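Enquirer: sequence and predicted structure are below.
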Amino acid sequence: MVSNPLGSHGLTDKQALFAAIATPTILYFASKAVFSYFSDHKIPSDKIYRAPRSTATHTNHLATCAYPPTSLPGARDVPTPYGSIRTYEWGPTTGRKILFVHGISTPCIALAGLAQELVEQHGCRVLLFDLFGRGYSDAPDPALYPQDSRLWTTQISLVLGSSELEWSSFAVAGYSLGGGIAADYASWFPEAVESLILIAPAGLLRSERVAWWSKMVYGGFLPRTLVERLVKKRLLGGTPQQQPEKTSVGIVKGAEAEAPADEKDDGLFAGRPPFSVGTSVAWQADAHPGFTASFISSIQNSPISAQQPRWQIIASRLDEQRSNPNDSTAARQGLREGKALLLLGDKDSVIVADEVAEDAEKAMGKANLSIEVLDGGHDLPIAGVENCAKVIGDFLHWS
């Protein structure tokens, strides 16, 4: 009787055969996983993704219809250690100063119509800029510089410092992701922010509103390169001619865009083309090498949800301001109107009006908020410019 050479190891011939086949397969996938990990985590040679330059020769039709470099007045490119920032500033130099912060997928041109309305109707001085990785602003590599509170407060400070005017005290109006950024900035720099306007803001998004697909893709379970490919495919959403119904990849169930792709205004300024959210998103995904990575990093790191502690800081200062009306420090660290303005759309499927109003009142208290629910969806400041401008104008003139 011939002894089984594997017997001492307690293995049968079938087990040995299985091991012989399975081991190389396991080693192959393990090596792929290790390679993918180090590929995703290596320090990139180019730490800044350069935005499309306004001097470049554009052959892509989207570049001429989505966001032409000559779209807005008062343009300047601000050089910084994090890359160049596209900034626009116009309006009477003596008017109320308003800084606008746009949303996650659209460049600042999305808020230009609202800004211009406030300039024309209320004589405001407005300042807009493209967040890092959007429009004509460069993007510091999100693998090294996550798009979180630290990066956004730094960018805002750089933008303010680039003006020839003194922006030591101003109103800040934030839309969608920009609302979360605006509230966060106000909580850190109370003496700079004299008025706070939150339009369909992020910051208090309920966890049950996050879609399962988003939890999987943005949850850090997949390699970064794979996530970027998946997200870019959905951002592009097809060819421009197909005009997909939704072209952005948000995180909310049943709502993936800041506005429908076919939603357009009538042209912001004379001689300039109309603005389309869908085409601007597709243009950025196609033309800006840092857009997709920036978009992903914003979802993963920006003040989108669970921001109650930062909002409560604002509320505590407002309570102090109300309790001590003669205290100059409390007045400086409060808000000029004694409360923040919250603008919501009654048909918004991304920032649901009833939910956000309830959560905002819990975080800040009813006395510290002026809540206005207007007719419209999540594209409220784009499609409802006149209504938004009227409410904001009235609010800023209370004091």
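Expert: Arrived safely, thanks for sending. This is a predicted model, so every value here is computed, not measured. Numbering: from 1, shown residues only.
Enquirer: pLDDT weak spots in the stretch 251-399 of the chain?
Expert: Within the stretch 251-399 of the chain, the stretches with pLDDT under 70 are 251-275, 398-399.
Enquirer: the stretch 51-200 of the chain now?
Expert: Ranges of the stretch 51-200 of the chain meeting pLDDT under 70: 54-65.
Enquirer: what's the burial count for residue 354?
Expert: 10 (other C-beta atoms under 10 Å). The C-beta positions use only the backbone N, C-alpha and C, and glycine is treated the same way.
Enquirer: so which helix or strand takes in it?
Expert: helix 353-364 (DSSP states H and E).
Enquirer: so which elements touch that helix?
Expert: helix 308-323, strand 340-345, strand 369-374 (3 or more C-beta pairs under 8 Å, 6 or more residues apart in numbering; DSSP states H and E).
Enquirer: can you give me the buried ones in that helix?
Expert: Neighbour-count burial for helix 353-364 flags 353, 355, 356, 357, 359, 360, 363, 364 (criterion: 16 or more other C-beta atoms under 10 Å).
Enquirer: need the contact partners of it.
Expert: 201, 204, 206, 209, 308, 311-312, 314-315, 318, 340, 342, 344-346, 369, 371, 373 (C-beta atoms under 8 Å, 6 or more residues apart in numbering).
Enquirer: before we move on, back to that, can you add distance to residue 182 and give the buried residues of helix 353-364 back as JSON lines?
Expert: Formatted as JSON lines, those follow (distance: C-beta to C-beta, whole Å):
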{"residue": "353", "distance to residue 182": "18"}
{"residue": "355", "distance to residue 182": "19"}
{"residue": "356", "distance to residue 182": "14"}
{"residue": "357", "distance to residue 182": "17"}
{"residue": "359", "distance to residue 182": "17"}
{"residue": "360", "distance to residue 182": "13"}
{"residue": "363", "distance to residue 182": "15"}
{"residue": "364", "distance to residue 182": "14"}
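Enquirer: what is the nearest of these to residue 293?
Expert: Using C-beta to C-beta, residue 356 comes nearest to residue 293 of the buried residues of helix 353-364, at 28.3 Å.
Enquirer: tell me, what residue is most central in the chain?
Expert: Centroid check for the chain by C-alpha atoms, centre = their mean gives residue 104 as the closest residue, at 2.7 Å.
Enquirer: with adjacent residues omitted, what lies nearest to that one?
Expert: Excluding the flanking residues, the one nearest residue 104 by C-beta to C-beta, 6 or more residues apart in numbering is residue 177, at 4.0 Å.
Enquirer: same question, residue 389
Expert: In space, residue 389 is closest to residue 117, 3.9 Å off (C-beta to C-beta, 6+ apart).
Enquirer: check contacts around residue 202.
Expert: 104, 176, 177, 179, 180, 302, 303, 304, 305, 351.
Enquirer: kindly report the same for residue 194.
Expert: 169, 170, 171, 335, 336.
Enquirer: tell me which element the residue nearest to the centre of the chain falls in.
Expert: Assigned by DSSP H and E, residue 104 falls within no helix or strand.
Enquirer: pop out the phi and psi values for it.
Expert: Main-chain torsions, residue 104, degrees, to the nearest 10: phi -70, psi -30.
Enquirer: again, but for the one 4 residues further on
Expert: The phi/psi pair for residue 108 (degrees, to the nearest 10) reads phi -70, psi -10.
Enquirer: could you check how far the nearest residue in space to it that is not next to it in sequence is from residue 339?
Expert: Leaving aside its sequence neighbours, residue 108 sits nearest to residue 128 (C-beta to C-beta, 6+ apart; 4.2 Å). Noted for residue 128: a distance of 24 Å to residue 339, by C-beta to C-beta, to the nearest Å.
Enquirer: more crowded one of those two?
Expert: residue 128 (28 against 25).
Enquirer: surely the more buried one is within a strand?
Expert: Yes - under DSSP: H, G, I helix; E, B strand; the rest coil, residue 128 sits within a strand.
Enquirer: hmm, residue 86 and it touching each other?
Expert: No - with contact defined as C-beta atoms under 8 Å, residue 128 does not count as touching residue 86 (9.1 Å).
Enquirer: pull up the overlap in contacts between those two.
Expert: Here residue 128 and residue 86 have residue 108 as joint contacts, going by C-beta under 8 Å, 6+ apart.
Enquirer: report how many residues lie close to residue 324.
Expert: By other C-beta under 10 Å, 13 other residues sit near residue 324.
Enquirer: and the strands in the stretch 101-250 of the chain?
Expert: Taking DSSP state E, counting those that start in this stretch, the strands of the stretch 101-250 of the chain run over residues 125-129, 139-140, 170-175, 193-199.
Enquirer: rebuild those as CSV, extending it with distance to residue 395.
Expert: As requested, those are exported to CSV (distance: least, C-beta to C-beta, whole Å):
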stretch, distance to residue 395
strand 125-129, 16
strand 139-140, 33
strand 170-175, 9
strand 193-199, 7
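Enquirer: nearest to residue 298, of those strands?
Expert: So among the strands of the stretch 101-250 of the chain, strand 139-140 is nearest, using C-beta to C-beta, at 10.6 Å.
Enquirer: no further queries at this time; thank you.
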